[in-house]
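> Following is a predicted model, sequence given first.
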Amino acid sequence: MRRRIIIATTVISMVLCLTLLGYGVYSHLNQSFSVSNTIGFNPSQNVYVSIECNVSGIQQMQSSIIPDGYTSLEEYYEDMGFIHKEEFNSQDKQLNKPQVLQNWTIRESLKFVDYETPIVYTIKVYNYSDMAIRVSVTDYVTATDYFVNTPSNYVDIPGIKEGQEPSYGTITLTTRVAERTNGFNEEKNDFKIAMETI
């Protein structure tokens, strides 16, 4: 009788251990990671630009199905803020008014595809200023317990020449998951783009 109890408790203990192990592996494989963003633009005096911004490496852009209420994926991406554009206004330059750029507000938390795929913010800047400008990523969080940010080097963009198309440059900020076993949701990942004459 005693031997049966020992065997039964051993079997029950093994089943419980395997169940806990399976749950741990399942939890590990099903971690979720997401960040929330507002990106500001700081053009200095006499800087006039157009910008094209987009984000990649997110779950929301993996589907080819158009969400309800939208006529295209592009419309959905623009509405959610995964794509952001602002055009140069020649009247501001003629009146010598400082250009005001709206914040790039991403309305939905960006969900990483997985812990290996980084989220990349890409900002393309067209320079309509009379002088060269330097564009750089500023005021970003270098690293937290959850993610690590790596900006590209600054880019210098020549001023516009009369009768020619504007020159442009592209900068990026790459956000990676710091620890794959440490899931997180809606961690703040705000930063700014500086645009200065040189």
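Structure's in. What do you need? Numbers count the residues shown, from 1 in each chain.
> So for the residue most central in space within the chain, what's the nearest residue that isn't a sequence neighbour?
Residue closest to the mean C-alpha point of the chain, counted by Cα atoms, centre = their mean, is Tyr121 at 4.6 Å. Take Tyr121 and drop its neighbours on the chain: the residue closest to it by Cβ to Cβ, 6 or more residues apart in numbering is Leu173, 4.5 Å away. From N, CA and C alone the C-beta is placed, and that goes for glycine too.
> Glu196 too?
Ser44 (4.7 Å).
> That neighbour: neighbour count?
By other Cβ atoms under 10 Å, the residues close to Ser44 number 14.
> pretty sure it is touching Ile193, no?
No: with contact defined as Cβ atoms under 8 Å, Ser44 does not reach Ile193; the gap is 11.8 Å.
> Distance of the residue nearest to Glu196 relative to Ile66?
Taken as Cβ to Cβ, to the nearest Å, the spacing of Ser44 relative to Ile66 amounts to 40 Å.
> starting at the chain centroid, how far to the helix or strand where Lys192 lies?
Element membership for Lys192 (DSSP states H and E) is strand 191-197. A distance of 17 Å separates the centroid of the chain from that of strand 191-197, by Cα atoms, centre = their mean, to the nearest Å.
> Next: stretch 58-76.
The chain centre lies 17 Å from the centre of stretch 58-76; the measure is Cα atoms, centre = their mean.
> Ok, stretch 94-105 next?
23 Å.
> Could you write out the alpha-carbon coordinates of it in PDB?
This file holds the C-alpha atoms of stretch 94-105, laid out as PDB (Å, rounded to 0.1, in the frame of the first residue of the first chain):
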ATOM      1  CA  GLN A  94       8.000  84.100 -48.900                       C
ATOM      2  CA  LEU A  95       6.700  85.800 -45.800                       C
ATOM      3  CA  ASN A  96       9.700  84.700 -43.800                       C
ATOM      4  CA  LYS A  97       7.400  82.900 -41.300                       C
ATOM      5  CA  PRO A  98       8.900  80.000 -39.300                       C
ATOM      6  CA  GLN A  99       7.700  76.700 -40.500                       C
ATOM      7  CA  VAL A 100       5.600  74.800 -38.000                       C
ATOM      8  CA  LEU A 101       5.500  71.100 -38.300                       C
ATOM      9  CA  GLN A 102       2.800  69.000 -36.600                       C
ATOM     10  CA  ASN A 103       3.900  66.200 -34.200                       C
ATOM     11  CA  TRP A 104       3.900  62.800 -35.800                       C
ATOM     12  CA  THR A 105       1.300  61.100 -33.500                       C
END
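> In it, which residues are buried?
99, 101, 104 (16 or more other Cβ atoms under 10 Å).
> So which of those is the closest to Pro166?
Ranked by distance to Pro166 (Cβ to Cβ), these are led by Gln99 at 13.4 Å.
> could you list every residue that touches Thr117?
Gly57 (Cβ atoms under 8 Å, 6 or more residues apart in numbering).
> Many thanks, have a good one.
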